[in-house]
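>>> Quick one, structure for this:
(2 chains)
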Amino acid sequence: MIKKETLARAIVILLIFIAIAVPLGGYWLANYANPNRIELHARMPEYGGWSTDTIQAKVGETIHLHITSDDVVHGLAIGKSDQPGVEIIPGTYTDMTLTFDRPGKYTFYCTRWCSRSHWRMRGTIEVSGEGTPVPLDPQPLFVKLGLDIDAPQHAEVIPASPVSAERGAQYASLLPAYASERDTYLATSPAQFWLKLRAEPTLSKLSDDNLWDAAAWVWQQQTTPEAVAAGQKLYAANCAACHGETGKGDGAVTRGLPVWNPDSHTADNMNKSSMGEGLYSPPDYTDPKQLLGASPALLEGKIVRGGMGTGMPYWGPIFTSTQIDALVAYLYRFAWSGSAVK
Amino acid sequence: MTRLDLTRFSWVHTLLRSRWPQFMLRAVSLAGFIFTILAGLLGSVVGSHNFAIIFVWIAWWTALKLVFIPFGGRSWCSICPIPMPGEWLQHGGILQPRGKGIGLGKRWPKMLRGSWVQAGGFLLIGLFSAVTLTSASVTAIVLLGVIVLALIFSLVFERRSFCSSLCPIGGFTGLYAQAGPVEVRVKNADVCAGHAEKTCYQACPWGQYPLALKSSANCGLCMECLRVCPTDNIAVNLRPWGSDLGPKTKHRLDEAFLGLVMLACVLVNTAVFLGPWGQLKSAAYEIGSRQWFLFSGIFLGLALVILPALFTAAVWISGRLGVKKQTTHRQSLAHHSQMLVPLGMLAWIAFTVSFAFTKFSYVLPVISDPLGWGWNLIGMSDTAWVGQSTSFSLLLQVIILAVGLFWASRVACRISENTRQAVPLIAFSGLFSLGMLWLLVG
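Next comes the predicted model:
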């Protein structure tokens, strides 16, 4: 009888051992057996965001991100990199393998509109080791130009009738040399550009509408259809949730919020929201007064730095300068097509 | 009523008398229980990918209500892992009792006997169920707490006091086991009368004396009596459903309370988990918030005031319609509590059917990847599909509710002097069934 009891005890102990060994062994295997494997949990920013904010890596060494979501669908991409982003489904694991060939700081970020504070889901990958470091970003143009990008920037003038870049092409030969220079485009708003042209005695024969057509043509010349298409894609993925698909400032996240008044950026009457700062409804870009008063340098500055106090995130660590150029080129489409319908 | 004694089949008799088959099932269930706790604590926080959520709240909870109770009464209690560690200490042996074990062996306080505490425990679980049912770690902590509590109780009190007087699932199972088709009874009462040692009573972990067993509510089907009976006088009968319900059976007031609490719980569970009210759902989730207190108030009001008041009124009117000398209202309430058994049991089955079909597909994937860590042990990690509640499932729920109403009405008729007297009781059952029908199908 003692023997039977001993056997029974042995069976119980064995079964309990298995019950404990499977999860603990699995936990050990997953977390300690492979030091290059990093488990990353995604949560809505309100519930903690990424489980790890800073990931350490070495040049030339591969790291494996083992990523899962604890709540809703998220996404992960590395800023300024060609690495395709991945989707993160709750409860399932997605693997991402990364190798860095230059030391420096990289930003990883969520690519899905997981919550109002979605854009706060960012982290840093610090890559150490030999090699030429990733160059620091050049000083943004708005800083060199001394632009106050928070000050109101309404267009001094706007077109009276629909604008057409195609029609504007016929005046190309009449335009002064500076009109086709890149620096002019970058530092000048369409409205300022138009005022400059209007002041040119050689163009006095052209009507106001003719000059707006010419300005639209100049703006079109500074980009390519491919860049505009790329800008449109970026806008849809990153901007439309607040700014709206059509640029009207009526995105799902900001719909119904107070409209941003640029004069209040120095005032105390901020709109306190759950994001811990002001979150405003963005301006209506189809209103030509908005974008025709903004130079590409100013728009780039807003994108790179974010709109202080408005809830607009900063995209400097995420978009390359080519991407920002494309985005800016696409943004002006709202203004031109907006003026076309007015 | 006809009975089929299963021990007449020698292989059944051997299987029941030997300690090994039941021991093996219990050992596996204990290991599974420990695994479930660890999975809940360490595994994925996403419920549908965690063994603890899927196995406890989908697989086990469904199996208890659809298989164990309707086809085996308290059969789950015979393999439940929760009392095992404590019982082994009490017995001094894992396979079978071996002389003196550890424990104070105190008697359960008289004032706490019956199902009052169990009903209270079930209500308490109900108040927090939205979180418990969806959070793997909370589930794990609850399971851990329960097994520790059971161990402590078995060291202080005698036998399975925890199971028979405290465990809410024990209360649930015991109540509905009265309608179940399995019972342990003596074969020949005269044989027992001549047996002075009463080894069966000495051995029974539930403190029952088989000769006196009239209801299956408190028999855990552990088969200890069958194993120690020197004359092989214990029968395990298959019997018609609802055999413990009728004019001559004895019932206590706490059964009425337990039965009403169960009705309230199934109504609230259905409303929270299947109803279209997002606000109710979030109120149930946000424990400690103002909305949650409101939800708790409504829940407790339904369980402790509204349903008891309606039931008491029905029983009172029924009593007024009778001709015989009145028993006390208290006795009358206890006696009529039996109709709550089929009514509640079928309502719980209908509630379970509504989600079992859609959620059962999670069971195999979670075996393949029990902790939600991306394993694929049996190659079925990605086979979960979101089931649709089909018209078949809806039809089935309606049929089950109808069976429950019919069964409860039949019990009401049997325990009443005349049909007229059963009318208020049937009206109560009908009102409850309509409520369930509206929540499930409407």
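
>>> B:Arg98 in helix, strand or coil?
Under the three-state scheme (DSSP: H, G, I helix; E, B strand; the rest coil), B:Arg98 adopts coil.

>>> per-residue confidence at the closest residue to it other than its chain neighbours?
Among residues not flanking B:Arg98 along the chain, B:Gly92 sits closest, at 4.6 Å (CB to CB, 6 or more residues apart in numbering or on different chains). Where you see a C-beta, it was placed from the backbone N, CA and C, and this is true even at glycine. Model confidence at B:Gly92, given as pLDDT, is 88.

>>> where's B:Gly92 relative to B:Ser29, distance?
21 Å (CB to CB, to the nearest Å).

>>> Check A:Lys196 too.
For A:Lys196 relative to B:Ser29 (CB to CB), the value is 85 Å.

>>> Could I get the full set of strands for the chain?
With no chain named, the answer covers chain A. A:37-42, A:54-58, A:62-69, A:74-78, A:86-88, A:94-99, A:104-109, A:122-128 (DSSP state E).

>>> The intended chain is chain B.
Using DSSP E, strands in chain B cover B:4-5, B:182-186, B:234-238.

>>> tally of neighbours for residue 167?
Defaulting to chain A. For A:Arg167, the tally of surrounding residues (other CB atoms under 10 Å in any protein chain shown) stands at 16.

>>> sorry, should have said chain B
Neighbours around B:Cys167, by other CB under 10 Å: 26.

>>> got the contact list for the residue lying closest to it once chain neighbours are set aside?
Leaving aside its sequence neighbours, B:Cys167 sits nearest to B:Gln118 (CB to CB, 6+ apart; 6.6 Å). If a contact means CB atoms under 8 Å, 6 or more residues apart in numbering or on different chains, then B:Gln118 has B:165-168, B:170-172, B:174, B:258 as its contacts.

>>> Phi first, then psi, for A:Val163.
Phi and psi for A:Val163, reported as degrees, to the nearest 10, are phi -100, psi 150.

>>> Check what pLDDT it gets.
For A:Val163, the pLDDT comes out at 91.

>>> Hmm, it is touching A:Asn210, no?
No: the criterion here is CB atoms under 8 Å, and A:Val163 misses it with A:Asn210 at 10.3 Å.

>>> so where is chain A shaky, pLDDT-wise?
A:1-2, A:261-278, A:338-342 (pLDDT under 70).

>>> I meant to write chain B there.
Ranges of chain B meeting pLDDT under 70: B:1, B:325-326, B:384-389.

>>> one step back: ok, A:Val163 and A:Asn210, which is more surrounded?
Neighbours per residue (other CB under 10 Å) separate A:Val163 from A:Asn210, with A:Val163 holding more: 28 against 17.

>>> Can you tell me how far the more buried one is from chain B?
When CB to the nearest CB, to the nearest Å is applied, the distance between A:Val163 and chain B equals 48 Å.

>>> And stretch B:70-81, what's buried?
B:70, B:72-81 (16 or more other CB atoms under 10 Å in any protein chain shown).

>>> any idea which of these is closest to chain A?
For these, the closest approach to chain A (CB to the nearest CB) belongs to B:Pro81, at 10.5 Å.

>>> Just want to check the distance between the closest one and B:Leu300.
31 Å.

>>> Enumerate the residues of chain B near chain A.
B:23-24, B:27-28, B:30-32, B:34-35, B:38-39, B:42-46, B:48-49, B:93-96, B:98, B:370-375 (CB under 8 Å from any CB of the partner chain).

>>> One more pass at 6 Å, please.
When proximity is defined by CB under 6 Å from any CB of the partner chain, chain B lies next to chain A at B:27, B:31, B:34-35, B:38, B:42, B:44-46, B:48-49, B:93-95, B:371-374.

>>> In helices only, show me the residues you listed.
Taking DSSP state H, the ones among the residues of chain B next to chain A that sit in helices are B:27, B:31, B:34-35, B:38, B:42.
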